[in-house]
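> turn this into a model:
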Amino acid sequence: MTRRVVVTGLGLVTPVGNDVDSTWSALLAGTPGAAPIRKFDPSKLSVRFACEVKGFDPLQYMDKKEARRYDLFAQFALGAAHQAVTQAGLDREVPSPNRTGVVIGSGIGGMQTYEENCTAYVTKGPDRVSPFFVPMFIPDIAAGLVSIRYGFKGPNFATVSACASSAHAIGESFNIIRQGHADVMITGGAEASITGLTVAAFSNMKALSTRNDSPETASRPFDKGRDGFVLGDGGAIVVLETLEHAEARGARIVGELLGYGASGDAYHITSPAEHGEGAQRAMRACLDDGGIEPSRVDYINAHGTSTEQGDVAETEAVKAVFGEQARKLIFGSTKSMTGHLLGAAGALEFGVSLLSATCGTIPPTINQFTPDPQCDLDCAPNRKVDRRIDVAMSISCGFGGPNVSLAVGAFRS
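Prediction:
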């Protein structure tokens, strides 16, 4: 018997809002999250803007001592987890702590901590490296901190697959529950990679938009004038559990996770496979996993990074998988507003897909100025769309060739 897996909690810390309500409102309003970098002096960089999280107060979620000892990515994870766990009602009592696990993905981990300690080592010597460097930096510390805080003793680890990291986290948590190894999983992703080193690296490989004079219009997925992605920070966490477990404890069910598919390009370290062949296989696997007919899919939240090759390949992949249905669905990118959260992007975009499916509203893809004939599917250009959604899907891809697709819908008993 297949175990149905439902969502009972969602938490978001994003460049356009520090919780679910503010993020969702900003996305529906088409609010851009990009602005000049404030967390450090970017004057020596060729790219001087990003989608930073704004006004986040870690002391809402931890004390001052903890905040000093946790990298920003872990702080985002704890903030989003607090929101999700509270909504799910698991902050008060955990019915089965040994069967409640945590999987949180991050593409890089504590990049700010890494950069600061490398600088200290080189300029001041080994004695100035923090004794907390390792536990602050390692990518799995976010999952560990959430587990420790709430006493969740089930499976606990991180997924690291570049920009597919948190999508893999959700998919693997889904499988852990379906295979009977846990009843509840707290899962998602966090990233805080807006640092001088990271911006310089992506900039030097010509991956970032260079529109310093107009950050708010820089992220242009599917637009002919796109010139690269905009780096973003944040965290997104969901609570997954079996339908039976959720009903037994009287939890409010937010939605249902319906399918998961993953693949590898086996093609190139940074470029997508031709015609999005790997993404095609991930989407087909997701549809097969959930027994979902392509005609049921009304919305796809694209990987949609605003890169020349990636947007075309992904558009071709959707056309190949969905055929005539590709012209009927909305294929949009909220990275036009949030920027690219790297390892946290998949979880954020799964959350957006969940909200779209349950609210019946699809956020716009902003910054659509000149249509690209190679990216000719309906991306809800510059306006939200109200539509009943049977199934929403998300696509996540990453350097090294990983691809993940997740399918979600409103809960129907």
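> going forward, measure contacts between C-alpha atoms and count neighbours the same way
Fine.
> show me where the stretch 101-250 of the chain has strands.
Ranges of strands in the stretch 101-250 of the chain, per DSSP state E, counting those that start in this stretch, are 156-157, 184-191, 234-242.
> can I get those in a markdown table with mean neighbour count, distance to residue 103 and mean pLDDT?
Output for the strands of the stretch 101-250 of the chain, formatted as a markdown table (neighbours: other Cα atoms under 10 Å; distance: least, Cα to Cα, whole Å; pLDDT from 0 to 100):
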| stretch | mean neighbour count | distance to residue 103 | mean pLDDT |
| --- | --- | --- | --- |
| strand 156-157 | 20 | 5 | 98 |
| strand 184-191 | 34 | 5 | 98 |
| strand 234-242 | 31 | 10 | 98 |
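> residues in contact with the closest residue to residue 374 other than its chain neighbours?
Of all residues not flanking residue 374 in the chain, residue 312 sits nearest, at 6.1 Å (Cα to Cα, 6 or more residues apart in numbering). Residue 312 makes contact with 222, 275, 374, 375, according to Cα atoms under 8 Å, 6 or more residues apart in numbering.
> just the buried residues of the residues you listed.
The neighbour count (16 or more other Cα atoms under 10 Å) marks 222, 275, 375 as buried among these.
> export those to TSV and tack on distance to residue 35?
TSV is the format used below for the buried ones among the contacts of residue 312 (distance: Cα to Cα, whole Å):
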residue	distance to residue 35
222	21
275	33
375	26
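> give me the neighbour count for the closest residue to residue 274 other than its chain neighbours.
The spatial neighbour of residue 274 that comes closest, neighbours along the chain excluded (Cα to Cα, 6+ apart), is residue 313 at 6.5 Å. Using other Cα atoms under 10 Å, residue 313 has 23 other residues around it.
> my read: residue 313 touches residue 278, true?
No - counting by Cα atoms under 8 Å, residue 313 does not reach residue 278; the two are 9.8 Å apart.
> anything in contact with each of those two?
residue 272.
> and the longest helix for the chain?
helix 72-88 (DSSP state H).
> now for it, which elements pack on it?
strand 5-13, helix 141-150, strand 184-191, strand 234-242 (3 or more Cα pairs under 8 Å, 6 or more residues apart in numbering; DSSP states H and E).
> got the ones you listed as a markdown table, with distance to residue 86 columns?
Listed next are the helices and strands packed on helix 72-88 as a markdown table, based on distance: least, Cα to Cα, whole Å:
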| stretch | distance to residue 86 |
| --- | --- |
| strand 5-13 | 8 |
| helix 141-150 | 11 |
| strand 184-191 | 12 |
| strand 234-242 | 10 |
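> nearest to residue 129, out of those?
helix 141-150 (18.5 Å; Cα to Cα).
> that older thread, assign a three-state SS to the residue nearest to residue 274, would you?
Here residue 313 is recorded as helix under DSSP: H, G, I helix; E, B strand; the rest coil.
> what residues are up against it?
272, 273, 274, 275, 276.
> mind running it again at 10 Å?
By Cα atoms under 10 Å, 6 or more residues apart in numbering, the residues touching residue 313 are 271-280, 304, 374-375.
> per-residue pLDDT of the residue nearest to residue 380 when sequence neighbours are not counted, please?
Spatial nearest neighbour of residue 380, excluding adjacent residues (Cα to Cα, 6+ apart): residue 364 at 5.0 Å. For residue 364, the model assigns a pLDDT of 98.
> swap in the one 5 residues further on?
Predicted confidence (pLDDT) at residue 369: the value is 98.
> over to residue 1?
pLDDT, residue 1: 59.
> before we move on, the earlier item: helices - which of the contacts of residue 312 land there?
Going by DSSP H, the helices hold none of the contacts of residue 312.
> tell me the one of those nearest residue 55?
Once Cα to Cα is applied, the member of the contacts of residue 312 that ends up nearest residue 55 is residue 222, at 30.2 Å.
> residue contacts, that closest one?
304-308, 310-312, 314-315, 332-333, 336, 365, 367-379, 381.
> of these, just the buried ones, PyMOL syntax please.
The PyMOL selection below is limited to those of the contacts of residue 222 classed as buried (16+ other Cα under 10 Å):
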select buried, resi 304+305+306+307+308+310+311+312+314+315+332+333+336+365+367+368+372+375+377+379+381
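> mark which of the contacts of residue 222 are part of strands, please.
Within the contacts of residue 222, residues falling in strands by DSSP state E are residue 332.
> roughly how far apart are residue 220 and residue 301?
According to Cα to Cα, to the nearest Å, residue 220 stands 15 Å off from residue 301.
> then residue 361?
Applying Cα to Cα to residue 361 and residue 301 gives a distance of 12 Å.
> let's verify the residue nearest to the spatial centre of the chain: helix, strand, or coil?
Nearest to the mean C-alpha position of the chain, counting by Cα atoms, centre = their mean, stands residue 345 at 2.4 Å. Secondary structure, three-state DSSP: residue 345 is helix.
> go ahead and confirm it touches residue 163.
Yes - counting by Cα atoms under 10 Å, residue 345 touches residue 163, with 6.6 Å between them.
> shared neighbours, these two?
Joint contacts of residue 345 and residue 163 (Cα under 10 Å, 6+ apart) are 105, 106, 107, 303, 396, 397.
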